[in-house]
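J.: Sequence and computational prediction follow.
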Amino acid sequence: MHVVTLMTNSAMYLDPGLVTNLRNAMGGGDAIWLDPNHAAEFEAPKIPKNIGTVWESLSAEGVDLVVQRAGNRKKRMLLADMDSTMIRQECIDELAAEAGMGERVSDITARAMNGELDFEAALLERVGLLKGLPEQTIARVLETRITLMPGGATLVATMKANGAYCALVSGGFTAFTSAIAARLGFDEHRANTLLSENGELTGDVARPILGRAAKVEALEDITSARGLTPADVLAVGDGANDLGMLDKAGTGVALHAKPSVQEQAKIRINHGDLTALLFIQGYAKSEFVTP
């Protein structure tokens, strides 16, 4: 048995007729409205071969469609990327903007996150352009340039209230993950460390560099330490360096992801915010925990 979830963002309403028509076409059971205005689900015994076409049609109308097997949907661990996932920005791009290198660095970032460049080489090239930037710039960027992705605090609080362990794992920098993890309530965070001397960035990061393989290792390490399996994990990210952990996790979600990531991810959320990750686990809005 499969569960089919339909969701819209908060600015739209999910059409009950659309839910009914899709349920009937798939021979599904009664629809359960997780949010009276924005999210519904139903069980279906068989998924049609043209589900990809259905997904594209619904996405064009502003509706996210997620199809999963019915078992083990509520996950016991959240493993989340940070940049453009739990926050709206790419931290290195914001640092570069302060250094007058914004456009050059953001272009490299976009290509790296789409899988067009080697992640480690691209990271080192971008960090090199930050050499000499005052270390205090990090605090200013955190205060003035970084904003949270909608729904993130509710996602973390709700999963933790239901016994899940939450880890923030980023190819970015610990100077940012430490602040964001504390703000959102994550249990731990992992990222790269920017090196500095005499109050200025050196243009380098500590080794080893945390990239795609390290995110998979984090998933394996944390689940092993907590007596969990990858099947117990909900992972979310948007870039090419997230694909390994998205594939390894029981539920891997590409959130507003880069084109190459969407091509490979099994679950894609393009319209809803981070609370969509609660809906796909079967949580109703009435069960959300507001931090």
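T.: Good, I have the coordinates.

J.: Give me the longest strand you can find in this structure.
T.: Scanning the chain for the longest strand, with DSSP state E as the assignment, gives strand 165-173.

J.: So for the helix or strand just after it, mean pLDDT?
T.: Scanning forward in sequence from strand 165-173 by DSSP states H and E, the next helix or strand is helix 174-184. Taken as a whole, helix 174-184 has a mean pLDDT of 98.

J.: now helix 174-184 against strand 165-173, angle please.
T.: Relative orientation of helix 174-184 versus strand 165-173 (axes from the mean of the first three to the mean of the last three Cα atoms, to 10 degrees): 150 degrees.

J.: what's the distance between the longest strand of the chain and the middle of its chain?
T.: 10 Å (Cα atoms, centre = their mean, to the nearest Å).

J.: Pairing partners for that strand, with directions?
T.: Sheet pairing for strand 165-173, assigned by DSSP bridges, gives strand 77-80 (parallel), strand 188-192 (parallel).

J.: Reformat the ones you listed as JSON lines; add mean pLDDT.
T.: As requested, the strands paired with strand 165-173 are exported to JSON lines (pLDDT from 0 to 100):
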{"stretch": "strand 77-80", "mean pLDDT": "98"}
{"stretch": "strand 188-192", "mean pLDDT": "97"}
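
J.: For Lys160, see how far away Pro291 is.
T.: 9 Å (Cβ to Cβ, to the nearest Å). The way it works is simple: take the backbone N, C-alpha and C, and place the C-beta from them, glycine included.

J.: re earlier: for the longest strand of the chain, list the C-alpha coordinates in PDB.
T.: Taking C-alpha atoms only, strand 165-173 is exported to PDB below (Å, rounded to 0.1, in the frame of the first residue of the first chain):
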ATOM      1  CA  TYR A 165      17.000  13.300  17.000                       C
ATOM      2  CA  CYS A 166      17.800  16.400  14.800                       C
ATOM      3  CA  ALA A 167      21.200  17.000  13.200                       C
ATOM      4  CA  LEU A 168      22.300  19.900  11.000                       C
ATOM      5  CA  VAL A 169      25.000  18.800   8.500                       C
ATOM      6  CA  SER A 170      26.400  21.400   6.100                       C
ATOM      7  CA  GLY A 171      29.100  21.900   3.500                       C
ATOM      8  CA  GLY A 172      29.200  25.400   4.900                       C
ATOM      9  CA  PHE A 173      30.800  26.600   8.000                       C
END
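
J.: Mind listing what's buried along stretch 39-47?
T.: Ala39, Ala40, Glu41, Phe42, Glu43, Ala44 (16 or more other Cβ atoms under 10 Å).

J.: Correct me if wrong: the second one contacts Gly28.
T.: Put plainly, it is Ala40. No: if you go by Cβ atoms under 8 Å, Ala40 and Gly28 don't touch, sitting 10.8 Å apart.

J.: Centroid-wise, who is the farthest residue in this protein?
T.: Centroid-distance maximum for the chain: Asn198 at 35.2 Å, with Cα atoms, centre = their mean.

J.: Can you check what pLDDT the model gives that one?
T.: In this prediction, Asn198 carries a pLDDT score of 97.

J.: How much space separates it from Glu135?
T.: According to Cβ to Cβ, Asn198 stands 9 Å off from Glu135.

J.: follow-up on the earlier one: mind picking the two most distant members of the buried residues of stretch 39-47?
T.: Ala39 and Ala44 (16.3 Å; Cβ to Cβ).
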